[in-house]
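1. got a sequence here, can you build the structure:
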Amino acid sequence: MSEVALLGNPNTGKTSLFNMLTRSYETVGNWSGVTVEKKVGVLRGRGGRIVDLPGLYSLLPLTEDESVAARFLMEESPASLLNIVDASQLERNLYLTIQLLECGRPMLIGLNMVDVARSRNITVDAALLQQELGVPVVSIVARKGTGCADVLQALGSLAQSEKSSFRIDYGPVIESSVTRMSERLNQAAETSSSNLRWTALQLLEGNEAVRSFLSGSDVLSDLDDLIEETSQQLGLTGEKSDMPTYLRKIRTERITQICAVVLDRSAQRIHTATERIDTILTHRIIGIPLFLALMFLIFKLTFDWLGSLLSDQLDGLISGTLSGWISSALDGLGASAFTHALVVDGIVGGVGGVLVFLPQICILFMLISFIEDSGYMARITLLMDRTMEAVGLSGKAFIPFIIGFGCNVPAIMAARTMEQRKDRLLTTLLVPLMSCSARLPVYALFAGVFFASDQALVVMGLYLMGMVLALALAKLFSRTLMKSEPSLFVVELPPYRMPQLLSLLRMTWEKVKGFLRKAGTIILAGSVMIWFLSNTGPSGFGVNMNDSFLASIGGALSGILTPLGFGTWQAGAALITGFMAKEVVVSTMNIIYQVPDMAGLEHQVAMAFTPLQAFSFIAFILLYIPCLATVGVIRKETSSWRWTFFSMGYSLVLAYIVAILIYQGGRLIGLT
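-> Residues are numbered from 1 along each chain as shown. Here you go, the predicted model:
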């Protein structure tokens, strides 16, 4: 089976094209860094595989995700390359194109975003570009599917064509060195999937992924001597002049020559709509207040204006109609009292108690997806850069933080796009403080009971609390644990665009699907386990719940939790099971209080907590130990149990301190 590698700069539409070519769906966002690991699909109608690699600006990787693409070219053997180029940013995009052409593999260029270029009165002659580069060029608009059939057809014939013969003359010194290095690689019988000339050029440029591929070979020391000799011959020994800069200068000159032939900017608009909007949305004074106002509007829609109404209707459907149907079906089948209680009280009560908040989660996901696909996400990182830099982080860390509002797991993986190891590690440790969607059912339950008139304000306050504490800890950790490395901030501001309805719905569905999958697995299993523990004790099955194993487990924590205002075995049990997934907190309470519907649960919660105790409890839920899936991805990304346990430990201590300050401080000023 032939394999095509899909490469391009960040935010050029690679993943949109991948979805069109494979009829699959991967996350698409109008900001850089959406793809953080390679994704594999099957080309529709062709049978071959296509590999979507993380976006990169050059084959000299700066970030962990960029190194995935560089290593792939060395270690794998794709039959051909598909390079996506942004027609509105042609000159910048061609740098990677030049490096890929030097690989010598069959290659197709997808000239994407020709509609954006046209809107800016930028004209790119695809035929002339094809002539200059010596490889096929197809004009496309990936997000609309325009030209994607032509890409599939061109890929089919590309496999039969000769390899790319594109070549840049780097001058006698470099060319002589490349020849000698290629001969040395050939003599050493180094088997690289790329041609020897390209490997030599990448070594001259200092590509660590290529060096790592050759690290076990004796030839590397000889090549280093040749590289040093070449640098001396060119006089590249000073601090401000080095080999990568020298090679970049030559490539840039060639790109300028190409653009002079194929690019017409004579009618280009000086001030675009994006620039005019940015004068307001990225204003250094009003930019952040506008962002906060937008977030407040989102929370009002989610919790006050629309979400609560839909959740109430869904609750009536699940606890009334659906529960009645299931109960009648079980009676008709002659199910035992045990089975009836397990299904209705355990499964329907536990899982249904979480699913009633699905409308609010859908609304929040759709609104966040709109922000992502509109291009505003990148502006938020720019606005926050000064604040992030002040606490020792890059503005780029704000992207994983925002993604964390959906789910902490992909947010931690998104930290790979950051250039500095310190920033990646700090972001990985702090992302769990972001309010993920799993916490929303808990917030919605308690805010709806105790803060009905101010639900949006309370929930937004929790989101801001997590963000502020993350920034404070970033300052502390960067000064104590990770002092050595400065932060680097590189972000691309894509043009604003109106998200397509189909794309918006698909983005929302992909996020919601993860929540539903969790409801059908972790929450279902947790609900069954909680039901058994709440009905089983030392004397057997069918005990009073206060004498159950669940009461014993929760009671072991009650003394520790008393200073926080919720020292009951019910709260302790909910916190323990919440480690599986934060939504299970609501499932646990639904089963513990044995209520038929959400109104019953709200009544029981109102009797068990005061408003002050409730706010202390949900603040603890926000901050305490990350869920099991998040802990797993922290271990994977850091490759360290030490940092994983540190993440779990500091968050638990932080949650305890914040909750005790809220409860005891509230009591001191007379709150209840």
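
2. per-residue pLDDT, T536?
-> Here, the pLDDT recorded for T536 equals 85.

3. please tell me how far it sits from V543.
-> Applying Cβ to Cβ, to the nearest Å, the value for T536 to V543 is 7 Å. Quick note: C-beta positions are derived from backbone N, CA and C, even for glycine.

4. ok, K249 next?
-> 79 Å.

5. neighbour-wise, which of the two wins?
-> V543 (16 against 10; other Cβ atoms under 10 Å).

6. okay, that one: pLDDT?
-> 79.

7. next: L330.
-> pLDDT, read off for L330, is 75.

8. secondary structure element holding the residue lying closest to it once chain neighbours are set aside?
-> Spatial nearest neighbour of L330, chain neighbours left out: H340 (5.0 Å); criterion: Cβ to Cβ, 6 or more residues apart in numbering. Using DSSP states H and E, H340 sits within helix 337-341.

9. contacts for the following helix or strand past that helix, please.
-> Remark: after helix 337-341, the chain's next helix or strand is helix 349-355, criterion DSSP H and E. For helix 349-355, the external contacting residues (Cβ atoms under 8 Å, 6 or more residues apart in numbering) are 314, 318-319, 322-323, 441, 519-520, 523-524, 526-528, 530-531, 583-584, 586-591, 594-595, 598, 601.

10. care to break this protein down by domain?
-> When the chain is parsed with automatic domain parsing, its domains come out as 3-158, 172-264, 291-491+500-668.

11. circling back: quick one: contacts for the residue nearest to L330?
-> Per Cβ under 8 Å, 6+ apart, neighbours of H340: 327, 330-331.

12. ok, and the most crowded of the residues you listed?
-> L330 (18 neighbours).

13. which other helices and strands contact the helix or strand harbouring that one?
-> In the assignment (DSSP H and E), L330 maps to helix 323-332. Judged by 3 or more Cβ pairs under 8 Å, 6 or more residues apart in numbering; DSSP states H and E, the packing partners of helix 323-332 are helix 337-341.

14. so the residue nearest to G316 when sequence neighbours are not counted versus T577, what's the distance?
-> In this structure, G316 finds its nearest non-sequential neighbour in D597, 7.5 Å apart by Cβ to Cβ, 6+ apart. Per Cβ to Cβ, D597 is found 21 Å from T577.

15. neighbour count: those two, which is higher?
-> Between D597 and T577, T577 has the larger neighbour count (other Cβ under 10 Å), namely 24 against 20.

16. show me what contacts that one?
-> 526, 529-530, 584-585, 587-588.

17. among the contacts of helix 349-355, which are in helices?
-> Counting by DSSP state H, the contacts of helix 349-355 place 314, 323, 441, 519-520, 523-524, 526-528, 530-531, 584, 586-591, 598, 601 in helices.

18. L425 reaches S640, doesn't it?
-> No: with contacts counted by Cβ atoms under 8 Å, L425 stays clear of S640, the gap being 9.1 Å.

19. more neighbours, those two?
-> Higher neighbour count among L425 and S640: L425, with 20 against 12, using other Cβ under 10 Å.

20. shouldn't the more buried one be within a helix?
-> Yes: with DSSP: H, G, I helix; E, B strand; the rest coil as the criterion, L425 is assigned to a helix.

21. buried ones in the helix holding L330, by neighbour count?
-> By neighbour count on 16 or more other Cβ atoms under 10 Å, the buried set for helix 323-332 is 323, 326, 330.

22. apart from its neighbours in sequence, what residue is nearest the first one?
-> Looking back up the chat, that one is S323. That would be V348: by Cβ to Cβ, 6+ apart, it lies 5.4 Å from S323.

23. neighbours of the one you found, just the number please.
-> With other Cβ under 10 Å as criterion, V348 counts 21.

24. dump the domains of the chain into a markdown table; add distance to D278 as well.
-> Compiled in a markdown table, the domains of the chain are given as follows (distance: least, Cβ to Cβ, whole Å):
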| stretch | distance to D278 |
| --- | --- |
| domain 3-158 | 14 |
| domain 172-264 | 24 |
| domain 291-491+500-668 | 7 |
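
25. can you give me the strands in this protein?
-> 3-8, 39-42, 49-52, 80-86, 107-112, 123-124, 137-139, 263-264, 536-537, 540-541 (DSSP state E).

26. so where do the helices sit in the stretch 401-550 of the chain?
-> 408-414, 421-430, 440-450, 455-480, 501-520, 522-535, 549-561 (DSSP state H, counting those that start in this stretch).

27. just want the angle from the longest one to helix 440-450.
-> Inter-element angle recorded for helix 455-480 and helix 440-450: 130 degrees (by axes from the mean of the first three to the mean of the last three Cα atoms, to 10 degrees).

28. circling back to that earlier point, what residues are up against the residue nearest to S323?
-> 318, 322-323, 326.

29. where does pLDDT dip in the stretch 401-550 of the chain?
-> 417, 419, 482-493, 519 (pLDDT under 70).

30. just to revisit the earlier point, so which of the contacts of T577 comes closest to F566?
-> Closest to F566 out of the contacts of T577 is V585 (11.8 Å), distances taken as Cβ to Cβ.

31. any idea how many residues pack against the residue lying closest to that closest one once chain neighbours are set aside?
-> Leaving aside its sequence neighbours, V585 sits nearest to G578 (Cβ to Cβ, 6+ apart; 4.2 Å). For G578, the count of nearby residues is 24 (other Cβ under 10 Å).

32. G578 and T302, how far apart?
-> From G578 to T302 the distance is 22 Å (Cβ to Cβ).

33. same question, S539
-> 46 Å.

34. and these two? which has more neighbours close in?
-> Taking other Cβ under 10 Å, S539 and T302 do not tie; T302 has more neighbours (27 against 10).
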